[in-house]
Each structure stands twice: as structure tokens, then as C-alpha cells.
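*Asks:* For reference, the sequence and a predicted model appear below.
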Amino acid sequence: MRHSRILTVALYVSLILGSLGCAPLAQPGNAPAIRNVEAIGIPLVMVPPGEFLMGGTQTAEALVLAYPSSGKTPDYFADEYPRHRVRITKAFLLGKFEVTVAQFRRFTVETG
């Protein structure tokens, strides 16, 4: 469920940036515009447009055999397949680290 944690961080960051009235991250013909990012107190990294392959190269069964002490079944790795090409068309900011409980609590208090 690594992907769900990443999406949670991305959602949190986008909600905070939206609540701060930040400009769009990518504007045609210009460098990405970033304003008020330091106000949220979370280190962010720019993810540029591009393509990459997402997903496993080994079978789920091979991963279970490679890591028997994990106690995982092939179903655990189901969200890793099939491997596919992902295209990011617009740059965006992503939290460098996972959101802590304290950071999320602050967000919920400040945004209701």
C-alpha cells in the first residue's frame, strides 16, 4: 500500500497549497511558479513532467518466495501489477517526507 501513502501526501500538500492560494505550479512558457510554499513548513520537491514505468518486474509469487519472512501472500503485491507507462503532464510539488500525525492534525484544525 505504498502508493496510497504517496497519494495521501500528495493530497495533503495540494490541499494546503490550495488553501494558501498558491499559483499553478506550471504555466505555459514559464518556469513553474511557486509561492508561499515555505508557509506550510513541509519540505517539498518538484516532480517534473515526464514518463516512467510503474510496477513490478518480478511476479508476485517470486516476491513472496524471495521474502518468506514477510508473511505476505501474492495478493499483497497485486497493486504492483501490471507494469505500465505513466506520463506526468504537469509539474507538481510533493512532500519530501511522509506527513506526520501532528502535521495532519494541524491541517485539519486550520482548515476545518
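*Replies:* Received the coordinates, thanks. Numbers count the residues shown, from 1 in each chain.
*Asks:* from here on, contacts and neighbour counts on C-alpha atoms
*Replies:* OK.
*Asks:* Residue 62 belongs to a helix, doesn't it?
*Replies:* Yes: the secondary structure assignment for residue 62 places it in a helix, going by DSSP: H, G, I helix; E, B strand; the rest coil.
*Asks:* how close does it sit to residue 68?
*Replies:* Distance from residue 62 to residue 68, counting by C-alpha to C-alpha, to the nearest Å: 10 Å.
*Asks:* same deal with residue 79?
*Replies:* Between residue 79 and residue 68 the distance is 19 Å, computed by C-alpha to C-alpha.
*Asks:* same check, this time on residue 86
*Replies:* 30 Å.
*Asks:* Break the protein down into its domains, please.
*Replies:* By the record's domain assignment, the chain is partitioned as 1-46+92-112, 50-88 (automatic domain parsing).
*Asks:* If I average pLDDT within each of the ones you listed, which one is lowest?
*Replies:* Looking over the domains of the chain, mean pLDDT reaches its minimum on domain 1-46+92-112, with a mean of 63.
*Asks:* Beta-bridge partners for residue 86, please?
*Replies:* In this structure, residue 86 bridges to residue 52 when assessed by DSSP bridges.
*Asks:* right, and residue 54 touches residue 79 too?
*Replies:* No: Residue 54 is not in contact with residue 79 according to C-alpha atoms under 8 Å; the separation is 10.4 Å.
*Asks:* Which parts of the chain are strands?
*Replies:* Taking DSSP state E as the criterion, the chain carries its strands at 44-47, 50-54, 84-88, 92-95.
*Asks:* My guess is residue 72 contacts residue 64. True?
*Replies:* Yes: under the contact definition of C-alpha under 8 Å, residue 72 touches residue 64, with a separation of 6.3 Å.
*Asks:* Comparing those two, which residue is more hemmed in?
*Replies:* Applying other C-alpha atoms under 10 Å to residue 72 and residue 64 shows that residue 64 carries more neighbours, namely 18 against 15.
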